[in-house]
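Student: for reference, the sequence and a predicted model appear below.
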Amino acid sequence: MIHLNLDELKIRPILVDDALAIKSVRDECLEYIHDSRSYTLEETIEWILFADSKYLTILQDNVVIGYFRLSYVLNVGCFVGMDLAKEHRGRGIAVKVYTLVLNQLVKYGIRQFYLRVLKSNAHAIRLYEYLGFKEMIKTDKDIIMVKQV
C-alpha cells in the first residue's frame, strides 16, 4: 500500500483511529459529494473497515486534513477522488497529493485514472483539467473525467 512523504505532507493507508477526523472532513465536503448524507461515527468506522475502495489518509504536520480514494482498481486503471478540509483548500495541496499518488500508481502499472465530479463544482473541474484530466462523459449532474499516462 502507498506511504508517501513530501515536506510536511504524509499520505498513508487510512486507520480506524482516523475516523473522527475523516468524518469531519467528509461532512465539510458534503456539497461536493455524490452521496451527500452525513454518516455517524460508527458508520464511518464501518466504512473504513469494510469499504470496497482503498482509502489513504492525508496528514499535514501529523494532523488529518483529508483523504484520497482509490476504487475499481484494475490492472491498468482506477477511479480516484479526494476530499480536503476547507481550511487547507486553495494552497496547492490537492495538486501535490494527486501528483504524488498518481505518480506512485504509475509505478505499479496503472495508466488510466478516472474521476467523477459534480458539474456544479467548477473549482474542482479546473483543478482536474490542470492535472491533465479530460472530460469523457457528461450527465445532468456529473462529469466523468479521464487522465491517461
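Tutor: Now that the structure is in, tell me what you want to look at.

Student: please enumerate the strands of this structure.
Tutor: Ranges of strands within the chain are 4-6, 9-13, 54-60, 63-71, 77-84, 112-118, 134-138, 142-148, based on DSSP state E.

Student: mean pLDDT, mean neighbour count and distance to Gly92 added to those, as JSON lines?
Tutor: Backbone N, C-alpha and C define where each C-beta goes, glycine included. JSON lines is the format used below for those (pLDDT from 0 to 100; neighbours: other C-beta atoms under 10 Å; distance: least, C-beta to C-beta, whole Å):
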{"stretch": "strand 4-6", "mean pLDDT": "69", "mean neighbour count": "13", "distance to Gly92": "11"}
{"stretch": "strand 9-13", "mean pLDDT": "94", "mean neighbour count": "16", "distance to Gly92": "10"}
{"stretch": "strand 54-60", "mean pLDDT": "94", "mean neighbour count": "20", "distance to Gly92": "12"}
{"stretch": "strand 63-71", "mean pLDDT": "95", "mean neighbour count": "20", "distance to Gly92": "13"}
{"stretch": "strand 77-84", "mean pLDDT": "95", "mean neighbour count": "20", "distance to Gly92": "11"}
{"stretch": "strand 112-118", "mean pLDDT": "96", "mean neighbour count": "19", "distance to Gly92": "19"}
{"stretch": "strand 134-138", "mean pLDDT": "96", "mean neighbour count": "12", "distance to Gly92": "22"}
{"stretch": "strand 142-148", "mean pLDDT": "96", "mean neighbour count": "17", "distance to Gly92": "18"}
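
Student: need these in TSV (columns: distance to Thr40).
Tutor: What follows is the strands of the chain, written out as TSV (distance: least, C-beta to C-beta, whole Å):
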stretch	distance to Thr40
strand 4-6	30
strand 9-13	22
strand 54-60	18
strand 63-71	17
strand 77-84	17
strand 112-118	24
strand 134-138	33
strand 142-148	26
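
Student: contacts for stretch 35-49, please.
Tutor: Contact with stretch 35-49 is made by 14-16, 18-20, 22-23, 26-27, 30, 55, as judged by C-beta atoms under 8 Å, 6 or more residues apart in numbering.
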